[in-house]
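In: sequence and predicted structure, then a few things I'm wondering about:
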Amino acid sequence: MKNHLTVVNHPLVQHKLTLMREKKTSTAVFRQLLKEIAMLLAYEVTRDLEMTTKTIETPLQETESPTLKGKKLALVSILRAGNGLLDGVLELIPSARVGFVGLYRDEETLQPVQYYFKVPTELTDRRVIAVDPMLATGNSSVHAITLLKEAGAKDIRFLCLLAAPEGVKRMKEVHPDVSIVTASLDERLNEVGYIIPGLGDAGDRMFGTK
């Protein structure tokens with residue numbers, strides 16, 4: 001994947017995103033839409049996976065047929081909101097290995113605070129897809145990617161629902177080798193670090209905690 005930022009403009013993605021942005025959308029519908037969009041975004045983020053072939057038998061004859069090459073993918077959810085995207089991606093790639101990075105944002109400094117880290121083995125040999133619905137300031141996402149690199153990951157993609165220009169810029173500065181796939185590049189961040197126009201706090205809307 002050559003582009004640092006890929007915005008998926010597929011009509012289904014954009015339609016579902018509009019429904020998610022609406023403040024009247026219920027928790028249950030929001031959660032379902034996030035799962036559906038995640039599947040569509042996963043299609044894009046896996047577009048350049050390495051392939052090989054293997055010999056199989058169809059009901060009619062033996063043939064050489066394409067199959068994924070190398071170790072299974074690693075999906076890493078940046079808790080807690082990342083789990084909403086994770087569920088959708090796992091629907092598409094059920095054999096993937098799964099990891100979790102626990103981070104929360106200090107609301108005064110806007111800096112990430114780590115409380116959990118558990119990821120699959122042999123990250124060096126796996127495509128790693130880190131998932132978090134919002135790339136806002138970029139502080140938490142950048143920190144999570146740094147932790148993944150320290151754990152051995154070399155081939156990393158970042159999958160998010162919304163991105164702010166500030167977050168994209170920060171990710172490119174610190175991790176220029178990490179491609180971002182998103183459904184929308186929004187306008188900006190407000191004074192407290194929320195994406196505008198955005199959709200509010202993805203975790204709160206997903207879990208009904210606000």
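Out: The structure has been received and is ready for your questions. Residues are numbered from 1 along each chain as shown.
In: what are the ranges of the helices in this protein?
Out: In the chain, the helices defined using DSSP state H lie at 11-21, 27-45, 82-92, 139-150, 165-174, 202-207.
In: return the member of these having the minimum mean pLDDT.
Out: Mean pLDDT across the helices of the chain is lowest at helix 202-207; the value there is a mean of 84.
In: which residues touch the closest residue in space to residue 203 that isn't next to it in sequence?
Out: Nearest residue to residue 203, sequence neighbours excluded (C-beta to C-beta, 6 or more residues apart in numbering): residue 81, at 3.8 Å. In this view, the C-beta of every residue, glycine as well, is placed from N, C-alpha and C. Applying C-beta atoms under 8 Å, 6 or more residues apart in numbering, we find residue 81 in contact with 132, 133, 134, 202, 203, 206.
In: before we move on, back to that, make CSV out of the helices of the chain and add mean neighbour count and distance to residue 73.
Out: As requested, the helices of the chain are exported to CSV (neighbours: other C-beta atoms under 10 Å; distance: least, C-beta to C-beta, whole Å):
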stretch, mean neighbour count, distance to residue 73
helix 11-21, 16, 21
helix 27-45, 19, 10
helix 82-92, 21, 9
helix 139-150, 20, 13
helix 165-174, 17, 20
helix 202-207, 20, 23
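In: circling back to that earlier point, just put the contacts of residue 81 in JSON lines and tack on distance to residue 47.
Out: Below are the contacts of residue 81 laid out as JSON lines (distance: C-beta to C-beta, whole Å):
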{"residue": "132", "distance to residue 47": "20"}
{"residue": "133", "distance to residue 47": "21"}
{"residue": "134", "distance to residue 47": "23"}
{"residue": "202", "distance to residue 47": "24"}
{"residue": "203", "distance to residue 47": "28"}
{"residue": "206", "distance to residue 47": "26"}
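In: ok, so of those, who is nearest residue 3?
Out: Of all these, residue 3 sits closest to residue 132, with 19.1 Å by C-beta to C-beta.
In: list phi and psi for the closest one.
Out: When read as degrees, to the nearest 10, the backbone of residue 132 gives phi -160, psi 130.
In: identify the bridge partners of the closest residue in space to it that isn't next to it in sequence.
Out: Nearest residue to residue 132 in three dimensions, chain neighbours excluded: residue 78, at 3.9 Å (C-beta to C-beta, 6+ apart). In this entry, residue 78 is beta-bridged to residue 101, by DSSP bridges.
In: quick check, residue 78 in contact with residue 130.
Out: Yes. Counting by C-beta atoms under 8 Å, residue 78 touches residue 130, with 6.3 Å between them.
In: need the residues touching each of those two.
Out: 101, 141, 144.
In: dump the residue contacts of residue 113.
Out: 103, 104, 105, 106 are the contacts of residue 113 under C-beta under 8 Å, 6+ apart.
In: coming back round to it: contacting residues around the residue nearest to residue 132?
Out: Counting by C-beta under 8 Å, 6+ apart, residue 78 has contacts 101, 103, 130, 131, 132, 140, 141, 144.
In: could you measure from the residue nearest to the fourth one when sequence neighbours are not counted over to residue 130?
Out: So that's residue 131. Residue nearest to residue 131 in three dimensions, not counting chain neighbours: residue 85, with 4.0 Å by C-beta to C-beta, 6+ apart. As judged by C-beta to C-beta, to the nearest Å, residue 85 and residue 130 stand 10 Å apart.
In: since that was my last question, I'll sign off now.
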